[in-house]
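K.L.:
sequence-free structure coming up:
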């Protein structure tokens, strides 16, 4: 019953506002909200909480995992229902965009700061990512409604929101360095190639060391 109340009070108005704010791009909301990645992330979060037995009231086994997964995915839905309309109304860029910068430090800083700072779609100027911050904190607090007593406090809600921002920061870093991560295996394979004097680039062969 409480889940239905949260859906009607928070989710549906949020979705309606999101589509009204940008009626030309409703697919963007759906893409970020119902993408397979969201299911995977909810499952991963449920697995971590299952291993930590948090919250204890939900127990272990398949039933405990199902409750944790439903809670995580429900929180994700609330997160996006808050984030998207705020981001669209404030003309904030939605989603992460690689920096295009050179150097590990500069790219890492960009990815981390990008969790709470974004750009205006209208002017390109940097601005606070109000949608992202409000979505993370808001979903952390709203999700306390269906959490058991041990984790239903206001402090737990803010902690949950902070964890969401931390996870988003980590995902930004992965997205920023994904080209290098994806090609790491290829880099390792080519690291053993040696070019002898007089050999052409097209006839390079790996040398066994």
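P.N.:
Here it is on my side, so go on. Just so we're clear, the structure is a prediction, and the values are computed from it rather than from any experiment.
K.L.:
how near is residue 78 to residue 31?
P.N.:
In this structure, residue 78 and residue 31 are separated by 17 Å, where distance is defined by Cβ to Cβ, to the nearest Å. From N, CA and C alone the C-beta is placed, and that goes for glycine too.
K.L.:
residue contacts, residue 127?
P.N.:
With contact taken as Cβ atoms under 8 Å, 6 or more residues apart in numbering, residue 127 is in contact with 90, 92, 117, 118, 119, 120.
K.L.:
you'd agree it is in a strand?
P.N.:
Yes. Following the definition DSSP: H, G, I helix; E, B strand; the rest coil, residue 127 is counted among the residues of a strand.
K.L.:
Okay, now the unreliable bits of the chain?
P.N.:
Counting by pLDDT under 70, the ranges of the chain that qualify are 1-29, 185-209.
K.L.:
go with 80
P.N.:
Where the chain drops to pLDDT under 80, the residues are 1-33, 183-209.
K.L.:
follow-up on the earlier one: among the contacts of residue 127, which ones are buried?
P.N.:
Applying 16 or more other Cβ atoms under 10 Å to these, the neighbour count classes 90, 92, 118, 119 as buried.
K.L.:
quick one on the thing from earlier: tell me which of residue 78 and residue 31 has more neighbours.
P.N.:
residue 78 (23 against 14; other Cβ atoms under 10 Å).
K.L.:
quick revisit: quick one: which of the buried ones among the contacts of residue 127 is nearest residue 101?
P.N.:
When those are compared for distance to residue 101, the smallest value, 14.6 Å, is given by residue 119; criterion: Cβ to Cβ.
K.L.:
how about the closest one, what does it touch?
P.N.:
Listed by Cβ under 8 Å, 6+ apart, the contact partners of residue 119 are 92, 93, 125, 126, 127.
K.L.:
ok, 10 Å please
P.N.:
Contact criterion Cβ atoms under 10 Å, 6 or more residues apart in numbering gives 91, 92, 93, 97, 125, 126, 127, 129 as the residues in contact with residue 119.
K.L.:
Wait, a strand at it?
P.N.:
Yes. Under three-state DSSP, residue 119 falls within a strand.
K.L.:
give the contact list for the residue nearest to the spatial centre of the chain.
P.N.:
Most central residue of the chain, judged by C-alpha distance to the mean C-alpha position with Cα atoms, centre = their mean, is residue 168 at 4.3 Å. By Cβ under 10 Å, 6+ apart, the residues touching residue 168 are 79, 96, 114, 115, 116, 129, 132, 135, 136.
K.L.:
How far off centre is stretch 135-148?
P.N.:
Averaging C-alpha coordinates over stretch 135-148 and over its chain gives two centres that are 16 Å apart (Cα atoms, centre = their mean, to the nearest Å).
K.L.:
Give me the buried positions along it.
P.N.:
Within stretch 135-148, the residues that qualify as buried are 135, 136, 137, 138, 139, 140, 142, 143, 144, 145, 146, 147, counting by 16+ other Cβ under 10 Å.
K.L.:
again, but for stretch 95-108
P.N.:
Residues 96, 99, 107, 108 are the ones in stretch 95-108 that count as buried (16+ other Cβ under 10 Å).
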